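Colleague: Here is my input; please provide its structure:
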Amino acid sequence: MEIPKLYKALIASAKANSPADGVPFAFEKRISARLRGLAPEDPLGLWSRALWRAAAPCLGIMLFLGIWSFVEESYTNTGPDLSQQLEHVVLAELEQDQTLDSTW
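Modeller: Okay, here's the model as predicted:
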């Protein structure tokens, strides 16, 4: 059946059968009691639950990448050590500042 025809048939059926005028006894009180019984949402609780759920995949990714880096380093250990390059770049600024200070 086509969607527009089904929609028209459902609307016609709903118009033909009007809802009852009576409301069940103490309906408002039951709804109000249920709403009062609900605990308010705790944003910190929601945030902590999401972080705990994300911890396991992050740990798995970290382990995978750590193992991969050690395996890759053992196969391709032909270039200079990355830690030595990083130290040289970081300390280059200090060495340059010391030469400038000695000229003053």
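Colleague: Between the two ends of stretch 23-30, what distance do you get?
Modeller: When the termini of stretch 23-30 are compared using CA to CA, to the nearest Å, they are 12 Å apart.
Colleague: That one: how far from the chain's middle?
Modeller: When distances are taken as CA atoms, centre = their mean, to the nearest Å, stretch 23-30 is centred 41 Å away from the chain's centroid.
Colleague: got it, and stretch 4-15?
Modeller: When distances are taken as CA atoms, centre = their mean, stretch 4-15 is centred 41 Å away from the chain's centroid.
Colleague: Could you check it and say which residues are buried?
Modeller: By neighbour count with 16 or more other CB atoms under 10 Å, stretch 4-15 contains no buried residues. Heads up, the C-betas are built off the backbone N, CA and C, glycines and all.
Colleague: and the residue most central in space within the chain, helix, strand or coil?
Modeller: Centroid-nearest residue in the chain, with CA atoms, centre = their mean: Ala50, separated by 7.0 Å. The assignment at Ala50 comes out as helix when based on DSSP: H, G, I helix; E, B strand; the rest coil.
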